[in-house]
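got a sequence here, can you model it:
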Amino acid sequence: MKKKNQASEKWLEIIIYILLAIILIGLFACLIILTP
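As a prediction, this is how the structure comes out:
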């Protein structure tokens, strides 16, 4: 059970990092699009 819990925590960390990366990419894309 402990191994499964650690694996799930790793997956949660990976998902959080992916979401943060998507948000940062979205912000940079908005800045590039808004700049004339």
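
how about the strand or helix carrying Trp11, which residues are buried there?
Mapping Trp11 onto the secondary structure by DSSP states H and E places it in helix 2-34. For helix 2-34, a neighbour-count test (16 or more other C-beta atoms under 10 Å) marks nothing as buried. Placement of C-beta: from N, CA and C, glycine included.

now it: average pLDDT?
Summarised as a single mean, pLDDT over helix 2-34 is 90.

any idea how far Lys10 is from Ile25?
According to C-beta to C-beta, to the nearest Å, Lys10 stands 23 Å off from Ile25.

next: Leu34.
Look at Leu34 and Ile25: by C-beta to C-beta, they are 15 Å apart.

same question, Tyr17
The span separating Tyr17 from Ile25 equals 12 Å under the rule C-beta to C-beta.

same thing with Ile16?
Ile16 sits at a distance of 15 Å from Ile25 (criterion: C-beta to C-beta).

ok, Gln6 next?
Following C-beta to C-beta, the distance that separates Gln6 from Ile25 is 29 Å.

and stretch 26-36, how far out from the chain middle?
For stretch 26-36, the distance between its averaged C-alpha position and the chain's averaged C-alpha position is 19 Å (C-alpha atoms, centre = their mean, to the nearest Å).

ok, now stretch 12-19?
5 Å.

keeping just the C-alphas, turn it into CSV.
The C-alpha coordinates for stretch 12-19 follow below in CSV (Å, rounded to 0.1, in the frame of the first residue of the first chain):
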residue,chain,number,x,y,z
LEU,A,12,0.0,14.1,-8.6
GLU,A,13,3.3,16.0,-8.6
ILE,A,14,3.7,15.3,-12.3
ILE,A,15,0.2,16.5,-13.1
ILE,A,16,0.8,19.7,-11.0
TYR,A,17,4.0,20.4,-12.9
ILE,A,18,2.3,19.8,-16.2
LEU,A,19,-0.5,22.2,-15.3
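
what residues does it touch?
Judged by C-beta atoms under 8 Å, 6 or more residues apart in numbering, stretch 12-19 makes no contacts with residues elsewhere in the structure.
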